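Participant: sequence-free structure coming up:
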């Protein structure tokens, strides 16, 4: 067994939550933040509602000694304080003694999360890999809704037995034990090497001792044992299990002179129809028939799952990223998978990424940031997303000028596909509302059109899928026409969708930042994005085998947009956030975000649009080398807009990569140093204070996660591993984990 | 339309919750208690978690006038207070104005619950009937998981429009509108006469205007309209519906000169496997394929459902019961049905009554009290229960004497079948634990054996099912032997089951009353119950066609038990609660509870056991005419044990009936007066203070519901309608509502 983690111990605040999630199950087992509840969260955008008791006591299970536990439960802080006070009336074991912070080391890898105490180590493994395209071949185990964990107690030098345990206190009623009958003949009541507990038929934990087959079982009935009473201490002390109990657990006795490894399988299962309107079941239900089936199958694969996780840990360590970057990427990967949901809708796969705490489904302006990871791992989900937007969540509109004139519009896409497992009506998002003038919940028609085009171009370029481009030629044409129709002579978005109603005007994905980023028309960020989207149309048309003449109009349009942007610079080279009378004082880094696309496509845009690149480089330089440091927070974190206290980690990750890989002319020693210090600040944003409860979040207001928490989008940080300009590193572009299959 | 309720208005505290429940769906729509949440509760033993906004505003939906509502939401009390303060910043309609108590009248019938305000009336109808035996013929609409309601606004004399609404604010995420696509072509988006909203695929409300087919639709798009925003006021004022909204609702405009009736269908649907171990689906899923299907089918039956409810209201009014008794029975009926659950386990029906707030499944000591109602309504569920206990939840034990001697025991039954939709392992209850000496959670082996026998005898006697008795002869024999084995020479229970372990001893269903009722052996209540159970064996053997000799042993045993009880009386005729050294000072009314069975069977036991009846009559007389009134609470409520502040409504109901119908020799003017006053006190127990939140409860400590809340067992009060000694009233013995089919 691998006793020591390959991952160095985390040097910051170790009390932070992490999502431990399988792929496509919209499930997390979340823990790590001290003094709060967590555990299983199914189909929710937040940590679960269970207290976790993971620990050890000296003596066998019936010995009345204190229980030393990881502080993963509500009240842990009070219990720690109580160690120093008298508790005369209760037996010793009622005194839960959480470890102090200084007694715990945490090793946070890409796919393992380990806590080491003086008495034991506890590790959760959450390996990920490419999800096989179900239209080609289905490995259901890609989708197995479970993670694994190990509780290791080394009593080799001990002279008395120790008892280790993993128990949970559920916030809702519905606990049951997994024993007789649960495993349909495979395992017998109370005498099994495999035992566990569950919450109804939806989530559960099973365990067995590693190596019992080879080493033999000394006390057959006790390895491991399950318990269930109203409290943890009684569960361990009382052999009679109470089916009314609220604190089920699994224990194992470790004889003196022995080392014991308790293997834990943490699984979930939602059978039947899980979504409305478009009625979807979890795709894993095609391969797994029940929670018990999931747990048994996880047990069978335990060794390889653990190896996969360790291999992934090593992979990340070998990517040449700083420790801070590694942390952010590992954190982002977990949060992304916790939000993923692969459905079976009418027999066809349907890929959904839920929007973190908000649970909107396939929010398209998140998809566009997640595309880099998805194309690396499993390009077919991107195609699936593009097709589903066309089929179910597209619409056509007209556009209106600020003077109220109505002009032709065209095809665009909804902001999202629904919320909380309820698909929206066809052609409607859950988010957008009419009659709102550049306010939250208004339409994002222009930006979502750009997003679909950019995703499509990334997909076609990365997967080299010309067949898809050809068969979607009519969509590409319609999108191209629609995009042009939204632009004025300037070549950038000037008009709002008639979907906004008479009073309303469109917003961008930066809806909750300041006004400079909220408005769509004549907006610097949207201008650059529009320019990139026109290039996307070009790319798609070329891939579809279009006539050069058909492409040319877009080529010309791109030049016009580029020119408009470059021309907007003031004498210093600063680009205003809004190209309108009155403008905006905001200094916005998102101006450069769209440069990621031509780079990602390995396009030669940089050669054709030199002045645009130069203008954006100059703009960036002004912002990054600003003596007032208006685009940095006091702690060194990056401020996307100089006039907002709100900054988004997912977008920062892209902007950082654009600076380092594309606008690298602006890099000098100070800028590099600032960017590295920013990473360190961002790690603190994630792990300190109230943010730590929400695992990986996106929106930070003055460094505190106040919105977009528990979020998938930060996976855009995967770009940091992407060196597509260095040809010799091409193996990196393969899906991570794919070689394991 | 029936404008006026046939039910007189309730004169007590009208702020109390009532469960409005279909049959067998483990679902309630609960409301009525002011200032708290309620609404849909599915598979839970408590009110739902939604704020209900039922009310009206002057003007059309877009008019900004205050919203007058029933106070069925958290914060209603504060809103009422705020009416008298200034709220300058918010629009008028943001000011929710709940009606004051004095402005509301409530009419609480057997199957209707109506609130009348100066502006509108709102009525929920929850008709019930005999549930057809699915083994014979299945009317799925018996099991349709819905109730109906009406919101009536009479604007005949008005000169401006009014807008009525029914809206809910959900405590969890997952709201959706029922419009396009929801009703699969039956109804069109936003233009329907049938509209509504839902929570995921589990619960929902749909509505239509009564009589639109005949009267025509003036404004097709607005009758009714659905809305959904973050708050009620915005939902009404804004025509654009937000799928992220948390407060969906249905509204209808009432033009001046018109009266409008908004019909509401309140439905639930749980598809797929709902229970574990024994994997059961709701039986209604055989007849209904979705929530939408339930709502549409409810709409189709609206007229007859309403008529059924009104007919039931009239039935109760005609039973000759006092107003207090009618209230208690109506309250009990609702609570009972809210706890019922008819499952389909492997293709066979499986009847479950959940134990109120505790959600234990088929608690056998509740079943024995519910048998009177179930046999009146649908005897097949009782047979189903008896069979399922034998098949899945029976066991055999030995017994032990207080000196530790082990003797033969026999067959008995578990306390329950599981908890919170998790069936227990075969042969185990969720409740019982070993090694507890006459404490809560110990075994109830002897009492559950008695309960099974008493239920079986009631079933065989009432349904005259000799075929069942014959085919279960071996079970009856085994139960008889087991019962005798638990008794000593005294003929009453003297021994404890070995299931109690070495230290433990059995308890009775009165586990939480004082010690006098908690212990099983040598207990007065159990002695009488044992005597009745021996008579039950006799009855069953006779029905099974047993030899007279086989019956005779039980006949002799019954005499022995009766003699022991009679002989225990002191000089006054008082029967001590415990027949052991030290005894007990408790004066317990439950001593007479078991007399209900021979009466129910129309047995001639009273002629053969004259001295027992006389002894119990004398005992009752002493308790009822006690000058210290030790078996009454200060408010006049009945105290089951003189030494406990805990009293149970379900058991009081039986004891009252035994006194009035069987031990009527003790009745004099004062006793009758006391019993009537007790009914009035019990109504207050249910409807005042914190108890009012819990709808119908069983356990009252000093008149406050502190346990066994939201409980089904109080349906034992149906005995009050049972005049089986009056031959001329035999039609009463038919199932209530059966003639409606």
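Facilitator: Looks like it arrived, so ask away. What you see is a predicted model; the values in this text were computed from it and never measured. Numbering: from 1, shown residues only, chains lettered A, B, ... in the order given.
Participant: switch to C-alpha atoms for all contacts and neighbour counts from now on
Facilitator: Noted.
Participant: got the residues of chain A near chain B?
Facilitator: Contact residues (CA under 8 Å from any CA of the partner chain) of chain A with chain B: A:173-176, A:180-182, A:200-201, A:240-244, A:271-272, A:275-277, A:418-422, A:424-425, A:429-434.
Participant: Give me the buried entries from those.
Facilitator: Burial by neighbour count, 16 or more other CA atoms under 10 Å in any protein chain shown: within those this picks out A:173-176, A:180-182, A:200-201, A:240-244, A:271, A:275-277, A:418-422, A:424-425, A:429-434.
Participant: Restricted to strands, list those.
Facilitator: A:175-176, A:418-419, A:422 (DSSP state E).
Participant: hey, which helix or strand in chain A has the poorest pLDDT?
Facilitator: The weakest-scoring helix or strand in chain A, judged by mean pLDDT, DSSP states H and E, is helix A:212-215 (a mean of 70).
Participant: What's the local residue count around the residue of the stretch 601-741 of chain A found nearest chain B?
Facilitator: Closest residue of the stretch 601-741 of chain A to chain B, CA to the nearest CA: residue A:708 (15.1 Å). Applying other CA atoms under 10 Å in any protein chain shown, we find 20 residues neighbouring residue A:708.
Participant: which ones are touching it?
Facilitator: Applying CA atoms under 8 Å, 6 or more residues apart in numbering or on different chains, we find residue A:708 in contact with A:355-358, A:697-699.
Participant: now the strands: where do they sit in the stretch 551-700 of chain A?
Facilitator: A:646-648, A:699-701 (DSSP state E, counting those that start in this stretch).
Participant: Adding pLDDT, write the ones in strands among the buried ones among the residues of chain A next to chain B out as CSV.
Facilitator: As requested, those are exported to CSV (pLDDT from 0 to 100):
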residue, pLDDT
A:175, 95
A:176, 94
A:418, 98
A:419, 97
A:422, 96
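Participant: of these, closest to residue B:379?
Facilitator: Nearest to residue B:379, judged by CA to CA, of these is residue A:176 at 31.6 Å.
Participant: And for residue A:413, nearest residue in space, chain neighbours not counted?
Facilitator: residue A:394 (4.2 Å; CA to CA, 6 or more residues apart in numbering or on different chains).
Participant: Also residue A:120?
Facilitator: Nearest non-adjacent residue to residue A:120, counting by CA to CA, 6+ apart: residue A:153, 4.8 Å away.
Participant: Can you tell me the SS state at the one you found?
Facilitator: Following DSSP: H, G, I helix; E, B strand; the rest coil, we place residue A:153 in the strand state.
Participant: Relative to residue A:122, how far out is it?
Facilitator: 9 Å (CA to CA, to the nearest Å).
Participant: tell me the contacts of the residue in the stretch 101-250 of chain A that chain B sits nearest to?
Facilitator: Per CA to the nearest CA, residue A:243 is where the stretch 101-250 of chain A lies closest to chain B, at 4.4 Å. Shown in contact with residue A:243 (CA under 8 Å, 6+ apart): A:175-177, A:228-229, B:418-419, B:424, B:429-431.
Participant: contacts for the host helix or strand of residue A:234?
Facilitator: According to DSSP states H and E, residue A:234 maps onto helix A:232-237. With contact meaning CA under 8 Å, 6+ apart, helix A:232-237 is reached by A:53, A:61-64, A:67, A:93-94, A:167, A:227-229, A:241, A:247-249, A:251.
Participant: which of those residues are buried?
Facilitator: A:53, A:61, A:63-64, A:67, A:93-94, A:167, A:227-229, A:241, A:247-249, A:251.
Participant: strands paired with the helix or strand that contains residue A:248, and their directions?
Facilitator: Assessed by DSSP H and E, residue A:248 sits inside strand A:247-254. Its sheet considered, strand A:247-254 pairs with strand A:162-170 (antiparallel), strand A:225-229 (antiparallel) by DSSP bridges.
Participant: And the contacts of that strand?
Facilitator: Outside of strand A:247-254, the residues within contact range by CA under 8 Å, 6+ apart are A:60-61, A:153, A:155, A:161-170, A:175-177, A:195-197, A:207, A:222-232, A:235-236, A:260, A:262.
Participant: which residues sit in contact with the closest residue to chain B within the stretch 401-550 of chain A?
Facilitator: Going by CA to the nearest CA, chain B is nearest to residue A:430 of the stretch 401-550 of chain A, at 4.5 Å. Counting by CA under 8 Å, 6+ apart, residue A:430 makes contact with A:360, A:415-419, A:424, B:242-244.
Participant: would you turn the contacts of residue A:243 into a markdown table with distance to residue A:298?
Facilitator: As requested, the contacts of residue A:243 are arranged in a markdown table below (distance: CA to CA, whole Å):
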| residue | distance to residue A:298 |
| --- | --- |
| A:175 | 21 |
| A:176 | 20 |
| A:177 | 18 |
| A:228 | 23 |
| A:229 | 27 |
| B:418 | 28 |
| B:419 | 28 |
| B:424 | 25 |
| B:429 | 30 |
| B:430 | 29 |
| B:431 | 32 |
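Participant: which of those lies closest to residue B:574?
Facilitator: Among the contacts of residue A:243, and counting by CA to CA, the member closest to residue B:574 is residue B:431, at 33.7 Å.
Participant: I figured residue A:486 hits residue A:496, correct?
Facilitator: Yes - counting by CA atoms under 8 Å, residue A:496 is a contact partner of residue A:486 at 7.4 Å.
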